Every structure is written in C-alpha cells, then in structure tokens.
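**Q** return a 3D structure for these sequence lines:
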Amino acid sequence: MNGQSLVLVEDDAGDTFLVTEMLSEVAPDVVLTCFTTLQSALNAWPADVDCVLLDLGLPDALGLSALTKLRAQVPDVPVVVLTGRIDDGIGPEALAAGAQDFLVKAQVDGLGLERSVRYAVERGRAALDRREFMAAELRAQENARLQRGLLPSPLLDTARLAVAPFYRPGNDRALLGGDFYDVVQTPTGVHLLIGDVCGHGPDEAALGVALRIAWRTLVLAGHTGAEVVLGVEQVLLAERHDARFATIAMVSLNPDLTEAAVLLCGHPAPLLIRGSDVRELNGPALPILTLLQGRAIEPFTVDLKGDWGLLLFTDGLVEGRAAPGAKARLGVEELADHLQSLLAAGMARADLAPTLLAEAERRNGGPLTDDVAVLLVGSSGWWC
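**A** Okay, here's the model as predicted:
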C-alpha cells in the first residue's frame with residue numbers, strides 16, 4: 001500500500017481519526033484525503049485515487065445511495081464500504097452493488113484495514129482488466145465486420161483478368177480506417193473502385209462501408225460514370241455527421257478489356273504497367289466528393305490493347321517520408337520507380353503490393369500512420 005492514494009468519506013470525526021491512526025501505523029506512506037460529505041468529495045476529487053473508504057451513513061447520502069452515486073462518477077475506483085453494525089445486512093448488499101469489500105467499524109484494526117484496501121485494489125484492477133479485455137474483444141468483432149464491408153471479395157467471373165487486393169490499417173494497426181476497394185463485373189465490363197474517407201477509426205470505416213455498398217449497388221443496377229459518382233457523393237452527404245469528405249478513383253474496363261474509362265475524384269491516379277514500364281494515368285481530375293455538384297463529370301479513356309496491369313492505391317502508400325527524418329514525402333514518382341524496378345527483377349505479381357509497402361515503411365523510418373489499400377489488376381497475359 002505504500003505510496004497509494006486513498007479517499008475517506010466519513011462524517012464522524014472520531015471514526016476519521018481512528019482510520020487515520022490505523023493507516024499511519026501499518027502504511028505510513030499512504031496519502032489519505034478526507035471528506036465529510038459525498039458531494040464535497042466528488043467536487044474536489046483527487047487525481048489517481050487507488051481506493052475509497054466510504055461510510056454509508058453520510059449527511060447527503062444514506063445507505064447504498066452513497067455507493068451508487070460514487071460509482072456513477074468514478075466507476076473504476078475500488079470501494080471499501082464502512083458500516084456500523086455487522087447485522088444490518090448492508091455489507092453483502094454493497095458487494096452486490098459493486099463494492100470490493102465492506103468493514104464493520106467496531107471490529108477492524110490496522111492490519112485488517114490495510115488488508116481490505118489491498119485486496120480491494122487488486123480486485124478492482126482485475127475487474128478493470130476484464131472489462132478492457134471484453135471491450136477489446138468487442139472492438140475486434142466490430143472491426144472484423146467493418147473489414148468485411150470495406151474489403152469485399154471481387155465479384156468477378158472471367159479468366160482474362162487477375163486481381164490481387166491488399167490492405168493494411170495504419171496507426172497501431174488495431175483499428176480500421178476509411179480506405180476501401182471493390183471489383184464488380186457486369187455486362188458492360190469490369191468496374192474497379194478504390195477510395196478513402198478522411199480520418200481513422202470505426203466512424204470512418206462505417207462511412208467507407210456505406211460508400212462502397214452504394215457504389216456496388218449503383219454499378220450492379222447498370223449505372224455508369226457521372227451517375228455512379230454523384231450517387232456515391234449523395235450517400236456521403238447524407239451519412240456523414242460532420243465535414244468529413246472522401247476521395248475515389250473509379251476505373252471501368254470495357255468487356256474485351258482493351259479500354260478503360262477513368263474518373264478521379266481527389267484521389268491519386270492509378271499506375272499503368274506495360275511489361276516493366278510504369279507510368280501514372282494522367283487525365284482530368286475532379287475535386288473530392290462533397291464538391292462535385294454543378295461540375296461536368298466526364299471520364300478520360302485509356303488504351304489497354306495488349307497486356308497490361310493497373311495499380312490502384314490510397315494515398316497512405318505515398319504520403320510517408322521519403323527518408324527517415326525527411327520532410328519530403330515519398331510521392332507517386334518514387335512509387336512508380338520502385339514498382340518498375342521490382343517488375344524488372346521479375347517479382348511475382350502477388351508480392352508487389354506488400355513489397356511496395358515494406359519499402360515505403362523503410363523510407364519512412366517506421367510504420368506508416370495512414371491506412372494503405374492497394375488493388376492490383378492485370379490482364380492474364382501480363383499476370384503470367
């Protein structure tokens with residue numbers, strides 16, 4: 001108990017004196033702060049309290065109401081209740097209401113008081129650990145559900161096209177962010193999406209799920225181009241709860257996979273790969289989602305005759321530092337150069353995305369803080 005901080009809420013001066021004396025004999029280094037009413041304690045609650053000794057006969061809170069009010073304000077602090085008589089039955093009721101222990105004032109000595117406080121602190125820590133574990137389990141389950149929504153299985157039915165999606169959450173890698181992708185094949189061709197909701201965490205992930213599902217629904221319903229983009233923007237405006245925005249890159253391949261229609265809404269342009277040559281798809285860019293109303297939305301087309309690959313990615317892959325400690329960002333040009341060198345070395349297509357991420361983290365001097373989503377797509381001839 002040495003060095004611990006305790007709060008005593010007791011209106012009887014004699015009982016306060018006895019508790020103070022007992023603690024001074026068995027735990028002289030304990031810091032004891034005394035209050036005569038519950039409200040005065042709550043109004044001037046000390047920092048980092050390890051345990052509370054709570055009388056249940058206070059002027060402003062009688063019986064279990066004192067415990068209820070205290071736990072409502074400081075739910076994680078262990079409580080030892082002080083009762084006047086062993087036969088009043090309130091001790092066991094206090095345990096059922098959340099106290100860690102109860103003591104009968106007339107029957108406790110210094111060693112008993114010290115032992116009760118020590119056990120209460122240990123039980124309180126164990127209970128807090130259990131709650132944190134359960135909360136972590138719930139977060140993990142929620143993240144798994146959100147991940148299934150953000151990162152679906154491609155809806156693809158052709159052997160002429162190969163797809164390798166890749167995702168890695170940022171920060172401590174415990175929470176998903178708002179990056180998402182999708183691949184859908186319809187009679188009009190194969191449609192690719194990659195996007196990013198600004199920010200990190202469950203709210204952004206939930207918004208990303210809503211946008212991706214809206215996109216897939218519109219594409220499966222036969223909509224294309226501006227209709228899809230404006231529909232996704234409308235969902236964003238309806239579902240967001242603040243000024244949060246999103247970016248997307250949309251690529252629609254014609255049925256014979258020889259041409260692509262590209263729409264960029266505030267998002268990095270995909271990289272086009274032919275053999276080991278890599279270049280950025282340059283074309284007209286639109287602003288972020290939320291700023292499209294009243295603008296002309298026309299895709300630009302890209303010739304894909306022959307064998308080819310496309311790398312769609314979110315900005316987390318290129319916004320790390322160019323070198324440890326540097327202010328400059330890695331950037332798309334460096335990404336393209338590194339991808340070209342990997343292709344020239346004959347790296348397997350499925351290994352490209354994780355290798356690009358590893359290089360970005362090496363340049364950054366550590367893990368990237370932003371989420372990274374990558375969608376590598378290629379014709380069967382290029383993929384072999």
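**Q** name the element residue 264 belongs to?
**A** Using DSSP states H and E, residue 264 sits in strand 259-265.
**Q** contact partners of that strand?
**A** Strand 259-265 has contacts (CB atoms under 8 Å, 6 or more residues apart in numbering) with 224-225, 229, 247-254, 269-270, 281, 283-289, 292, 297, 299-304, 310. For glycine as for every other residue, the C-beta is placed from the backbone atoms N, C-alpha and C.
**Q** in helices, which of the residues you listed appear?
**A** Using DSSP state H, the subset of the contacts of strand 259-265 located in helices is 225, 229.
**Q** which ChimeraX command selects the buried ones in the contacts of strand 259-265?
**A** Selection of buried members from the contacts of strand 259-265 for ChimeraX, criterion 16 or more other CB atoms under 10 Å:
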select :224,229,247,248,249,250,251,252,253,269,270,281,286,288,289,292,297,299,302,304,310
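**Q** now do the end-to-end distance for stretch 275-285.
**A** This stretch, stretch 275-285, spans 26 Å end to end (CA to CA, to the nearest Å).
**Q** need the mean per-residue confidence for that stretch.
**A** Stretch 275-285 shows a mean pLDDT of 92.
**Q** any idea which helix or strand comes after the lowest-mean-pLDDT helix or strand in the chain?
**A** Across the helices and strands of the chain, mean confidence by mean pLDDT, DSSP states H and E is lowest for helix 110-150: a mean of 73. Proceeding N to C from helix 110-150, the next assigned helix or strand is strand 161-168, under DSSP H and E.
**Q** for the nearest residue to residue 305 once chain neighbours are set aside, phi and psi?
**A** Spatial nearest neighbour of residue 305, chain neighbours left out: residue 258 (5.0 Å); criterion: CB to CB, 6 or more residues apart in numbering. With angles defined as degrees, to the nearest 10, residue 258 sits at phi -110, psi 0.
**Q** residues touching residue 258, list them.
**A** 303, 304, 305.
**Q** one more time with 10 Å, if that's ok
**A** 303, 304, 305, 306, 308, 379 (CB atoms under 10 Å, 6 or more residues apart in numbering).
**Q** which regions of this protein sit below the pLDDT cut-off?
**A** Filtered on pLDDT under 70, the chain yields the residue ranges 1-2, 85-88, 133, 135-150, 170-177.
**Q** longest strand in it, please.
**A** strand 189-200 (DSSP state E).
**Q** residue 83 reaches residue 94, doesn't it?
**A** Yes. Counting by CB atoms under 10 Å, residue 94 is a contact partner of residue 83 at 7.6 Å.
**Q** find residues that contact each of these two.
**A** Residues touching both residue 83 and residue 94 (CB under 10 Å, 6+ apart): 54, 56, 63, 102.
**Q** what is the nearest of the residues you listed to residue 34?
**A** Here the nearest of the shared contacts of residue 83 and residue 94 to residue 34, counting by CB to CB, is residue 54; it sits at 12.0 Å.
**Q** would you confirm that that closest one contacts residue 90?
**A** No. The pair residue 54 / residue 90 is not scored as a contact, 11.6 Å apart, by CB under 10 Å.
**Q** quickly list what's touching both of those two.
**A** Residues touching both residue 54 and residue 90 by CB under 10 Å, 6+ apart: 67, 81, 83, 102.
**Q** run the chain-centre distance for the helix or strand encompassing the first one.
**A** So the one you mean is residue 67. When elements are assigned from DSSP H and E, residue 67 belongs to helix 64-73. Computed by CA atoms, centre = their mean, to the nearest Å, the chain-centroid distance of helix 64-73 equals 32 Å.
**Q** which elements pack onto it?
**A** strand 5-9, helix 38-43, strand 51-55, strand 57-58, strand 61-62, strand 79-83, helix 90-96 (3 or more CB pairs under 10 Å, 6 or more residues apart in numbering; DSSP states H and E).
**Q** nearest to residue 330, of the ones you listed?
**A** Ranking the helices and strands packed on helix 64-73 by proximity to residue 330 (CB to CB) places strand 5-9 first, at 48.0 Å.
**Q** check which helices and strands the closest one sits against.
**A** Judged by 3+ CB pairs under 10 Å, 6+ apart, the packing partners of strand 5-9 are helix 13-26, strand 31-35, helix 38-43, strand 51-55, helix 64-73, strand 79-83.
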